[in-house]
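Participant: With the sequence up front, the predicted model follows.
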Amino acid sequence: MNYQTGTPGRIVVARFDHGEDVLAGLEEIARREGLRAAAFHLVGALKGGRYVVGPEAEELPPVPVWRRLEESHEAVGFGTIFWEGDRPKVHFHGAYGKGDAVRVGCLREASEVFLVLEAVITEIRGVTAIRELDPASGMVLLKV
């Protein structure tokens, strides 16, 4: 285990509207505001997105199992933002519910908002963690 300690900095409150891409929007906020390290919560609804529910097998490098949101779902979750090279990279895990069905996974693509989605982003000051390619897993992981 590796870790650093930091302190909370600025808090950004954002509203994403119907049809907007929340993952791209979070990256844009991080770029504009110079957020090098942050944690965020999301609450609202998504009507589109591709997310990963785990690997096909317990081996490295993992082969992701993809699922798709193809209609409106309530959404709630937590994520982080750390930079990979010259751009911010979002890592978000959420729960997506419709009726009595709930899905959980790592949202990675095509994150389209339904009606409205709110984000509360907390900057983490004093942390120099970045995202970097891990040769063993073939994934971009947090380096502390």
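Facilitator: Thanks, I have it. Residues are numbered from 1 along each chain as shown.
Participant: Look up which residues are beta-bridged to residue 15.
Facilitator: Note on residue 15: beta-bridge partners by DSSP bridges are residue 118.
Participant: measure it to residue 119 for me?
Facilitator: Separation of residue 15 from residue 119 (CB to CB, to the nearest Å): 8 Å. C-beta coordinates here come from the backbone N, C-alpha and C atoms, glycine included.
Participant: all helices for this protein, in order.
Facilitator: Using DSSP state H, the helices of the chain run over 22-33.
Participant: Spatially, which residue comes closest to the residue nearest to the spatial centre of it, not counting chain neighbours?
Facilitator: Central residue of the chain (CA atoms, centre = their mean): residue 92, 2.4 Å from the mean position. Distance criterion CB to CB, 6 or more residues apart in numbering; nearest residue to residue 92, sequence neighbours excluded, is residue 79 at 3.3 Å.
Participant: Neighbour count: residue 15 and residue 119, which is higher?
Facilitator: Between residue 15 and residue 119, residue 119 has the larger neighbour count (other CB atoms under 10 Å), namely 19 against 12.
Participant: Report the separation between the residue nearest to residue 92 and residue 96.
Facilitator: Using CB to CB, residue 79 is found at 14 Å from residue 96.
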